[in-house]
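# with the input below, show me the fold.
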Amino acid sequence: MTFQRGATTIAAKELRHLLHDPYTLVLTMGLPIFTLLLFGYALDTRVRDVPTAIEDLDKGRYSQALIDDFSHSPVFHLLDAGGAPVHEKLRSGVAKVAVQIPAGYSTAMFYGHRCGFGWMDRMPCSPGKRRRPRKPSAKSMRCRWRSQEAP
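Residues are numbered from 1 along each chain as shown. Here you go, the predicted model:
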């Protein structure tokens, strides 16, 4: 007996059992269709309106264009520039993400040099450890620099 013939025999036997038990047939056919519909339509994983604080140390044309790009994105919701510094907005929980555009960003972009801008986000506790979230501190904020090519 070959593998294919044995698999076909077992599949035919299981199908015969399913046809004799309507409850199991509904569970095996209906439950996956229900979960597919639930995960397909009811759950939405798109990120929108993340409170974002921007600190512009350059105040040039290219930095303003970058801020405009952030403001026209549906992902970010820019907070007002006045008030507390961006790291304070992160610590207090007002902002979830902070972007810092360094001085000289517009000049570097104008001349076609590689330049970067920094962004920080809150990370209440270190990954992999199961413990109660604590108040964010300077150690628990991750900082990254993103390098950007000139257009």
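
# when you work out contacts or count neighbours from here on, use the C-alpha atoms and nothing else.
Noted.

# all helices of this structure, in order?
Assigned by DSSP state H, the chain shows helices spanning 3-20, 22-37, 61-71, 86-92, 105-110.

# Y23: what's it in contact with?
Contact criterion Cα atoms under 8 Å, 6 or more residues apart in numbering gives no residues in contact with Y23.

# so this protein: which segments form each domain?
Domain assignment for the chain, taken from automatic domain parsing, gives 3-42, 50-148.

# with mean pLDDT added, can I get these in JSON lines?
JSON lines is the format used below for the domains of the chain (pLDDT from 0 to 100):
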{"stretch": "domain 3-42", "mean pLDDT": "88"}
{"stretch": "domain 50-148", "mean pLDDT": "75"}
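
# from those, which stretch is densest packed?
domain 50-148 (a mean of 15; mean count of other Cα atoms under 10 Å).

# centre of the chain to it, how far?
Relative to its chain's centre, domain 50-148 lies at 15 Å (Cα atoms, centre = their mean, to the nearest Å).

# related to what we said a few turns ago, with distance to H77 as added columns, please give the helices of the chain in TSV.
Output for these, formatted as TSV (distance: least, Cα to Cα, whole Å):
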stretch	distance to H77
helix 3-20	53
helix 22-37	31
helix 61-71	7
helix 86-92	14
helix 105-110	22
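
# of all these, which one is nearest P51?
Of all the helices of the chain, helix 86-92 sits nearest to P51, with 9.7 Å by Cα to Cα.

# just to revisit the earlier point, and G116, which of the helices of the chain is closest to it?
Closest to G116 of the helices of the chain is helix 105-110 (Cα to Cα; 7.5 Å).

# who are the packing partners of the closest one?
Judged by 3 or more Cα pairs under 8 Å, 6 or more residues apart in numbering; DSSP states H and E, the packing partners of helix 105-110 are helix 61-71, strand 115-122.

# figure out which of the helices of the chain is closest to I54.
The closest of these to I54 is helix 86-92. By Cα to Cα, the value is 6.9 Å.

# show me the one of the helices and strands packed on helix 105-110 that comes nearest A84.
Nearest of those to A84, taken as Cα to Cα: strand 115-122 at 15.6 Å.

# I'm done for today, thanks for sticking with me.
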